[in-house]
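Visitor: structure, please.
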Amino acid sequence: MFKTVLLTIDLNAPASWKLALPQAIELVRASKGKLHIMSVVPDMGTPLVEGFFPEDFEVRAVAAASEALNTLVSAEVPDDVDVKQHLAFGKIHKKVLKVIDEINCDLVIMASPKPDRVREFLVGSNADRIVRRSPVSVLVVRA
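Guide: As a prediction, this is how the structure comes out:
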């Protein structure tokens, strides 16, 4: 079974965890494993874009995300589930792949909306990047 499960979520999109979180909880309960919940605050991508944000943007964004993650975990994860939170700032797929290695993850669970070819062509899909590069199995829950 899966002893170490990583659930990736977007704190600004409840659809990213509404269906995936219950499945992650069910899996870790069945295997008596540990649930890791991760969210990534995306960086701006380029120094040019960064210049339009206040200097303390990263600090404030991470603090707000940390509070939101704490609130979500407290409200949605039952007390009998062993859970650890992870929060990062940067490129989403790179940060998730790093944590997969760090925690010796057995399974990644993530939600992804129905594919949209135009959006994927223009900006790509983090779920797609993670699925293609992950060293472990990935369960994609359609949101």
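Visitor: correct me, but K114 touches R142?
Guide: Yes. Between K114 and R142 there is a contact under C-beta atoms under 8 Å: 6.4 Å. Where C-beta positions appear, they are placed from N, C-alpha and C, glycine not excepted.
Visitor: more crowded one of the two?
Guide: Per other C-beta atoms under 10 Å, whichever of K114 and R142 has more neighbours is R142, with 11 against 6.
Visitor: ok, F53 - how many residues close by?
Guide: 12.
Visitor: that one falls within a helix, correct?
Guide: No. Counting by DSSP: H, G, I helix; E, B strand; the rest coil, F53 is not part of a helix but coil.
Visitor: ok, it to D106 distance?
Guide: 37 Å (C-beta to C-beta, to the nearest Å).
Visitor: now do whichever helix in the chain runs longest: distance to the chain's middle.
Guide: As assigned by DSSP state H, the longest helix anywhere in the chain is helix 57-76. Mean C-alpha position of helix 57-76 versus that of the full chain (C-alpha atoms, centre = their mean, to the nearest Å) differs by 13 Å.
Visitor: any idea of the mean pLDDT in that helix?
Guide: The average pLDDT within helix 57-76 is 93.
Visitor: could you export that helix as CSV, CA atoms only?
Guide: Taking Å, rounded to 0.1, in the frame of the first residue of the first chain, the C-alpha atoms of helix 57-76 are listed here in CSV:
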residue,chain,number,x,y,z
PHE,A,57,5.2,40.4,-2.0
GLU,A,58,6.8,37.0,-1.5
VAL,A,59,6.8,37.3,2.3
ARG,A,60,3.2,38.4,2.5
ALA,A,61,2.0,35.8,-0.1
VAL,A,62,3.7,33.0,1.8
ALA,A,63,2.4,34.1,5.1
ALA,A,64,-1.2,34.3,3.8
ALA,A,65,-0.8,30.9,2.1
SER,A,66,0.5,29.4,5.4
GLU,A,67,-2.5,30.7,7.3
ALA,A,68,-4.9,29.4,4.6
LEU,A,69,-3.2,26.0,4.6
ASN,A,70,-3.4,25.7,8.4
THR,A,71,-7.1,26.6,8.3
LEU,A,72,-7.8,24.1,5.5
VAL,A,73,-6.0,21.2,7.3
SER,A,74,-7.6,22.0,10.6
ALA,A,75,-11.1,22.1,9.1
GLU,A,76,-10.9,19.2,6.5
